[in-house]
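In: Model the following, please.
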Amino acid sequence: MSSLYEVIPPAAGADVPVRRITIEVNGESRTLDVEPRLLLVHLLRQGLNLTGTHSGCDTTSCGACTVLFDGRPLKSCTMFAVMADGHKVETVEGMGSASELHPVQEGFKQEHGLQCGFCTPGMMLAAKALLERNPDPTEDEVRWALSGNLCRCTGYQNIVKSVLWAAEKMRNDQPQEA
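Out: Numbers count the residues shown, from 1 in each chain. Here you go, the predicted model:
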């Protein structure tokens, strides 16, 4: 039987091959032995205990598993962990800290951009990637950037407001040129 919360055994059986990979996760280099069939989302959640990356649909439809892969949003349920060898992965745990939120996290708090919170980590990472390449997006550009992430609770209006709030804060926090 399989479930979304199935625990991955700590070690592969003798007949299952493993491959050593090195990936940078939230700024920390990690060398791990993984089965070639292990999905990145499962490595992050069960292998590294980074449970902010959610596993929703396992079909790329919902975006709950979105992480930043070399700075670009990627649905981690679609990628084998071995494919991340030599790359950088950022999860929601790498965005900020309890004492200093990233502006996107702060925006979600200020503008009430979450309800149940299941989609929130993926939404925030997609928003962060958008704001890094476009610091002054329009509402339509925000909606397009988040279009691969589904929310069943909010209707998106407050999520969009949250991202626009973060964009303004990030622009205002930039040092002014003389």
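
In: So the most centrally placed residue in the chain, which state does it fall into?
Out: Centroid check for the chain by Cα atoms, centre = their mean gives Val67 as the closest residue, at 2.9 Å. Of the three states, Val67 takes strand according to DSSP: H, G, I helix; E, B strand; the rest coil.

In: quick check: domain ranges of this structure?
Out: The record assigns the chain these domain ranges, following automatic domain parsing: 19-94, 103-173.

In: now those as a markdown table including mean pLDDT?
Out: Formatted as a markdown table, the domains of the chain follow (pLDDT from 0 to 100):
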| stretch | mean pLDDT |
| --- | --- |
| domain 19-94 | 95 |
| domain 103-173 | 95 |
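
In: re earlier: Provide a list of residues in contact with the closest residue to the residue nearest to the centre of the chain other than its chain neighbours.
Out: Leaving out its chain neighbours, the residue that sits closest to Val67 by Cβ to Cβ, 6 or more residues apart in numbering is Ser76, at 4.9 Å. Every C-beta, even on glycine, is put in place using the N, C-alpha and C of the backbone. Taking Cβ atoms under 8 Å, 6 or more residues apart in numbering, we find Ser76 in contact with 39-41, 44, 53, 65-67, 69, 89.

In: ok, so of these, who is nearest Val25?
Out: Of all the contacts of Ser76, Val25 sits closest to Val89, with 5.0 Å by Cβ to Cβ.

In: beta partners for the closest residue to the closest one other than its chain neighbours?
Out: Beyond its immediate neighbours in the sequence, the residue positioned closest to Val89 (Cβ to Cβ, 6+ apart) is Val25, lying 5.0 Å away. With DSSP bridges applied, the residues forming beta bridges to Val25 are Glu28, Val89.

In: now Arg72
Out: On DSSP bridges, the residues paired with Arg72 through beta bridges are Phe69.

In: From one end of stretch 149-161 to the other, what's the distance?
Out: One end of stretch 149-161 to the other measures 16 Å (Cα to Cα, to the nearest Å).

In: Check stretch 132-152 too.
Out: With Cα to Cα as the measure, what separates the two termini of stretch 132-152 is 26 Å.

In: The residue nearest to Val89 against Asn49, yeah?
Out: No. Checked against Cβ atoms under 8 Å, the pair Val25 and Asn49 is beyond contact range at 11.1 Å.

In: Was I right to think the residue nearest to the centre of the chain contacts Arg45?
Out: No. Val67 is not in contact with Arg45 according to Cβ under 8 Å; the separation is 10.9 Å.
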